[in-house]
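A.B. asks: give me coordinates for this.
(one chain, ligands or ions: 1)
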Amino acid sequence: MIKKCDHPGCTKAGTCRAPKSRDLREYWWFCREHAAEYNKNWNYYAGMTPEEVEEDWERQTFGAPLRDKNQVESDQRDYIKFLNDFISGRDTFDKAPPRPRASSRVTTALAVFGLPITASWREISAKYRALAKRHHPDTTTGDKDAAAKQFTKITDAYNVLKKHFGKK
Ligand SMILES: [Zn+2]
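C.D. replies: Residues are numbered from 1 along each chain as shown. All right, here's what the predicted structure looks like:
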C-alpha cells in the first residue's frame, strides 16, 4: 500500500523519503515534487551551534571529532615514545660491559669463605676476620696444626681476593 504524500493537501503518492530530523530515524514520505521542495529547504545543521556543526562534520569526515582524534594520536605518540625508550634502554643494557668474570682462583678463594661470586669486599673482609679469629693457631681451642693449616688457607684466599678487589 502506497502512502499519500505527507505534504498537506497533496494527493500524489508519497514515494520519496525525507528525514524529519537530524537523527534520521523518522521520515516524511513525499511525492517527488514535494520531496525536492522539502530537501531544498531542509537544513541538516539547523539548531546546531557552530561547534556542534564542526564536530559533526569532523565525525563524518574523520570518524571522530578532531579533539578526540588528537587525544588518540597523542596517546599513540606517548606509547611509541615509551616503546622507543624501552627498546633503546634495553639496547644500552645489552651493550653494557659484562661483569668481569672471576678467575678460578677467585672463585676457589670465595669457596674457602663460603661466599657467593657476588660477594662484596665488605662481606669478604668481615668473613675473613671471623674465620681468622676462629682458626688462629694462638687462639684455637682445637688442634693447633689443623688450625694453622686452615689459617694459612684462609689467609691465602684472603690475599687472592684482596688482589682481585684491588685492595692493599
Ligand atoms: Zn506531494
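
A.B. asks: show me which residues of this structure sit near the ion.
C.D. replies: 5, 7, 10, 12, 31, 34 (CB under 5 Å from the ion). Backbone N, C-alpha and C define where each C-beta goes, glycine included.

A.B. asks: mind doing that once more with 8 Å?
C.D. replies: Residues of the chain lying close to the ion by CB under 8 Å from the ion are 5-7, 10-12, 14, 30-35.

A.B. asks: got the end-to-end distance for stretch 4-19?
C.D. replies: 16 Å (CA to CA, to the nearest Å).

A.B. asks: residues of it that come out buried?
C.D. replies: For stretch 4-19, a neighbour-count test (16 or more other CB atoms under 10 Å) marks 5-7, 14, 16, 18 as buried.

A.B. asks: go on, stretch 105-113?
C.D. replies: Here stretch 105-113 shows 106, 109-110, 112-113 as buried, counting by 16+ other CB under 10 Å.

A.B. asks: quick one: average pLDDT of it?
C.D. replies: Average pLDDT, stretch 105-113: 88.

A.B. asks: now it, how far from the centre of its chain.
C.D. replies: Chain-centre distance of stretch 105-113: 42 Å, with CA atoms, centre = their mean, to the nearest Å.

A.B. asks: quickly list the domain ranges of the protein.
C.D. replies: 1-42, 47-96, 104-164 (automatic domain parsing).
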